[in-house]
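Asker: With the sequence up front, the predicted model follows.
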Amino acid sequence: MAEAVTAAQTSVVIPAFNEGASIATVVRDLASAARWLEILVVDDGSSDETGTNAAAAGARVIRHPYNKGNGAAVKSGIRQAAGVFILIADADGQHRPTDATRLVAQLDTYDLVVGARSGQTQAGLARRLGNSALNRIASYLTEQPIPDLTSGFRAARREHLLEFIHLLPNGFSTPTTTTLAFMRAGYSVRFEPVEAAQRAGVSKIRLGADGFNFFLILLKVITIFSPLRIFAPVSAAAFLLGAVYGAWTIVTQSHVTNSSVLLILLSVVILLVGLVSEQISSLRIEGRRS
């Protein structure tokens with residue numbers, strides 16, 4: 001019963017770019033899984049029949065005049081959604097409709113519920129290794145286990161997504177940004193295990209370029225919410241390098257070099273910048289909540 005009530009207050013947002021072959025099936029399958037408040041398909045400047053097929057299947061279609069990126073499509077859907085809750089799903093048919101209802105059913109307890117894919121259901125060995133590396137880095141930076149940082153299948157309260165919408169990039173790093181932002185802001189996040197089917201068509205993520213962008217977004221968000229997790233290790237590394245180099249020159253050359261002194265001073269400066277950034281971050285978060 002609670003699941004049905006939550007679904008009735010949920011807007012389903014599906015960003016889509018040239019997904020004409022699969023979008024109608026995705027919309028119909030989701031519509032048959034629950035009585036959603038609405039299903040929004042954001043046609044991100046597609047050159048095929050994505051928008052037409054989505055509308056024929058019963059979705060409300062929001063059209064971009066040109067391709068802006070997956071993140072931009074998600075942001076358009078968030079802004080125009082009418083629901084208290086938002087479920088974001090891919091348009092390629094990877095997600096099971098029954099998993100969608102499991103995600104939204106937990107929004108009475110959690111602020112963000114992420115559909116965490118098992119390693120076996122993530123396409124390609126290189127993609128799995130890249131995602132695993134990002135998960136490990138993100139887990140260190142957030143001090144919480146993150147089994148799937150890049151899953152685009154997620155549900156959250158619309159008001160919380162709007163709180164961080166200015167941080168969301170226009171590209172493929174929206175899942176990374178929302179996950180890290182929610183966790184560092186102290187919201188309750190759950191990773192719900194799901195199975196991802198083989199996607200229809202070809203993935204639009206470029207492993208090299210987008211993987212590097214994911215890493216940069218990860219550093220950017222953590223710098224905003226918890227700067228010392230980045231500044232402190234860099235400071236410690238600079239100090240250790242300067243101290244070791246200084247000790248070596250004392251033993252071998254009977255004096256301390258300028259390089260070792262500069263490295264130690266650099267470590268102090270980096271630590272002070274990190275401390276100031278941490279205070280600014282704390283004031284920023286408290287200011288948004290007041």
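Answerer: Arrived safely, thanks for sending. Nothing here was measured: the structure is a model prediction, and the numbers come from that model.

Asker: farthest residue from the center of this structure?
Answerer: Taking Cα atoms, centre = their mean, the residue of the chain most remote from its mean C-alpha position is residue 254, at 52.2 Å.

Asker: ok, which stretches of the stretch 1-150 of the chain are strands?
Answerer: Per DSSP state E, counting those that start in this stretch, the stretch 1-150 of the chain carries strands over the ranges 10-16, 38-44, 60-64, 85-88, 112-117.

Asker: The last one pairs with which strands, parallel or anti?
Answerer: Spelled out, that is strand 112-117. Sheet pairing of strand 112-117 (DSSP bridges) gives strand 154-157 (antiparallel), strand 189-194 (parallel).

Asker: which of the ones you listed is buried the deepest?
Answerer: Comparing the strands paired with strand 112-117 by mean neighbour count (mean count of other Cβ atoms under 10 Å), strand 154-157 ranks first with a mean of 24. Quick note: C-beta positions are derived from backbone N, CA and C, even for glycine.

Asker: Moving C-terminal from that strand, which element do we reach first?
Answerer: Sequence-wise, the next helix or strand downstream of strand 154-157 (DSSP states H and E) is helix 158-163.

Asker: What's the mean pLDDT across that following helix?
Answerer: Per-region confidence: helix 158-163 scores 94 on mean pLDDT.

Asker: follow-up on the earlier one: could you export the strands of the stretch 1-150 of the chain as TSV, including mean pLDDT, mean neighbour count and distance to residue 99?
Answerer: Formatted as TSV, the strands of the stretch 1-150 of the chain follow (pLDDT from 0 to 100; neighbours: other Cβ atoms under 10 Å; distance: least, Cβ to Cβ, whole Å):
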stretch	mean pLDDT	mean neighbour count	distance to residue 99
strand 10-16	96	27	13
strand 38-44	97	26	16
strand 60-64	96	18	22
strand 85-88	96	28	10
strand 112-117	92	24	6
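
Asker: which one of those lies closest to residue 219?
Answerer: The minimum distance between residue 219 and the strands of the stretch 1-150 of the chain falls on strand 112-117, with 20.2 Å, by Cβ to Cβ.

Asker: Report the distance from that closest one to the chain centre.
Answerer: 11 Å (Cα atoms, centre = their mean, to the nearest Å).

Asker: So which residues make contact with that strand?
Answerer: Strand 112-117 has contacts (Cβ atoms under 8 Å, 6 or more residues apart in numbering) with 95, 99, 103-104, 106-107, 147-148, 151, 153-156, 160, 175, 178-179, 182, 187-196.

Asker: hmm, 6 Å instead?
Answerer: 99, 103, 106, 147-148, 151, 153-156, 182, 189-194, 196 (Cβ atoms under 6 Å, 6 or more residues apart in numbering).

Asker: show me the contacts for residue 245.
Answerer: By Cβ under 6 Å, 6+ apart, the contact list for residue 245 reads residue 260.

Asker: Just to be sure, it is in a strand?
Answerer: No: per DSSP: H, G, I helix; E, B strand; the rest coil, residue 245 lies outside any strand segment and is helix.

Asker: ok, residues contacting stretch 16-23?
Answerer: For stretch 16-23, the external contacting residues (Cβ under 6 Å, 6+ apart) are 41, 43-44, 46, 48-50, 53-54, 91-93, 200.

Asker: Quick check: end-to-end length of it?
Answerer: Using Cα to Cα, to the nearest Å, the end-to-end distance of stretch 16-23 comes to 8 Å.

Asker: Ok, which of the strands paired with strand 112-117 comes nearest residue 248?
Answerer: Closest approach to residue 248 among those is made by strand 189-194 (45.8 Å; Cβ to Cβ).

Asker: How far away from the center of its chain is that closest one?
Answerer: Centre-to-centre, strand 189-194 and its host chain are 13 Å apart (Cα atoms, centre = their mean).

Asker: Using CSV, list the CA coordinates for that strand.
Answerer: Only the C-alpha atoms of strand 189-194 are listed here, as CSV (Å, rounded to 0.1, in the frame of the first residue of the first chain):
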residue,chain,number,x,y,z
VAL,A,189,21.4,7.2,0.9
ARG,A,190,20.6,3.5,0.1
PHE,A,191,22.1,1.4,-2.6
GLU,A,192,19.5,-1.2,-3.6
PRO,A,193,20.8,-4.2,-5.6
VAL,A,194,19.4,-4.5,-9.1
